[in-house]
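Trainee: sequence first, then the predicted structure, then my questions.
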Amino acid sequence: MFDTILKNIDIIESNKTSILNMWMEYEVVENALSKNTLKKDFFQEKFASKVFDFTINVVNNKNDLGNCPVIGVMLILFKKKNIPLSDIFIICVHLKNSLLHFLNQKNLLDDAMIKEISVLMDYNFEGVIREYTEIYYKDSYKHTPYKKVSNQTASSNEISTPLEVKVSTSASAYLQEVELDMEMIDELDELESDTLNAIDSEETINRNSIDEASNLFNQYSNVLNSMYEFEELAYTLTILKDLLLSTEIETLDEETGYMISIYLKAIISDLQSWRMSIFITNEAEDIHYLDKTLLSSIAQLQITLLPQDNKNEEEIEFF
């Protein structure tokens with residue numbers, strides 16, 4: 001457990017901006033982001049801030065070590081941009097350094113704090129390395145059983161505890177454990193149909209189709225956010241919704257518009273199938289069976305909407 005960090009969690013959380021700024025302002029981090037055409041403000045807002053929030057929730061025992069929702073999307077973007085593992089190491093390790101630096105400034109750094117910060121950040125970083133190695137060196141982003149470290153087994157006194165395999169949960173077993181608002185889930189059916197019809201009715205993607213898709217993803221996020229097990233998917237859909245709403249559809253070329261339509265239909269069809277097998281027919285043997293397929297498709301659509309690498313760096317505007 002992280003008792004020492006927890007005693008000081010309020011001061012850490014209230015100084016989030018200062019810690020993130022310190023992280024982004026390390027010269028080696030700035031260089032790593034810059035040479036891979038990642039804008040510092042974009043990375044801080046879309047990834048660094050979310051990783052920080054996740055870390056706080058680990059300390060508060062709301063999240064498990066190494067299972068950060070934002071990591072999947074971030075690493076697929078890194079792979080698309082062909083960012084070397086050495087640069088990912090430089091970027092990620094300096095969150096740990098910024099936390100240590102901040103705590104030292106506040107005279108809060110002692111042996112117990114150093115030990116707990118090291119466990120907290122090193123196990124999370126281990127998950128980043130493992131995940132990136134998997135998606136970078138394999139042909140496809142396959143769904144594999146996730147290995148996690150619980151907060152209990154990763155206590156500062158048990159650093160060498162082996163990783164535990166996350167046991168899959170069937171839909172029927174899961175539904176016996178939770179209370180669901182089935183009316184909200186049933187409403188998704190009509191929204192899915194309306195959105196697919198809106199996309200199919202036009203020769204190319206347009207603002208109406210985008211608005212329909214954004215509304216659907218927003219409703220999905222609202223439903224899934226009420227279920228702890230699906231926070232990762234809910235978060236990713238929220239990012240996608242925000243990206244779609246901020247995209248100037250009229251400026252996209254025909255090929256990009258076509259690809260957006262394909263991705264949107266694939267994502268919605270997968271969500272539809274997933275929703276049915278989990279909440280309607282209850283036939284899924286693992287409630288997370290489609291997670292990585294969905295997250296990969298969503299990330300690919302997000303990347304499609306980002307500017308191409310062949311543009312000048314000063315012209316790149318993420319999100």
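Mentor: Good, I have the coordinates. Residues are numbered from 1 along each chain as shown.
Trainee: tell me the SS of residue 61?
Mentor: coil (DSSP: H, G, I helix; E, B strand; the rest coil).
Trainee: what segments of the protein are strands?
Mentor: 147-148, 164-165 (DSSP state E).
Trainee: ok, residue 192 - contacts?
Mentor: 216, 268, 271-272 (Cβ atoms under 8 Å, 6 or more residues apart in numbering). Glycine gets a C-beta too; all of them are placed from N, C-alpha and C.
Trainee: run the last query once more with 10 Å
Mentor: 216, 219-220, 268-269, 271-272, 275 (Cβ atoms under 10 Å, 6 or more residues apart in numbering).
Trainee: tell me the two of the residues you listed that are most distant?
Mentor: Distance extremes for the contacts of residue 192: the farthest pair is 219 and 269 at 16.4 Å, using Cβ to Cβ.
Trainee: okay, those two: which has more neighbours?
Mentor: It is residue 219, of residue 219 and residue 269, that has more neighbours when counted by other Cβ atoms under 10 Å, with 18 against 13.
Trainee: distance check, the more buried one against residue 279.
Mentor: Look at residue 219 and residue 279: by Cβ to Cβ, to the nearest Å, they are 14 Å apart.
Trainee: quick check: neighbours shared by these two?
Mentor: Contacts common to residue 219 and residue 279, judged by Cβ under 10 Å, 6+ apart, are 185, 188.
Trainee: residue 19 contacts residue 51, correct?
Mentor: No - checked against Cβ atoms under 10 Å, the pair residue 19 and residue 51 is beyond contact range at 11.2 Å.
Trainee: longest helix of this protein?
Mentor: Counting by DSSP state H, the longest helix found in the chain is helix 111-137.
Trainee: in that one, which residues are buried?
Mentor: 113, 116-117, 119-125, 127-128, 131-132, 135-136 (16 or more other Cβ atoms under 10 Å).
Trainee: helices or strands next to that helix in the packing?
Mentor: Packing partners of helix 111-137 (3 or more Cβ pairs under 10 Å, 6 or more residues apart in numbering; DSSP states H and E): helix 3-7, helix 49-59, helix 71-80, helix 85-105, strand 147-148, helix 291-305.
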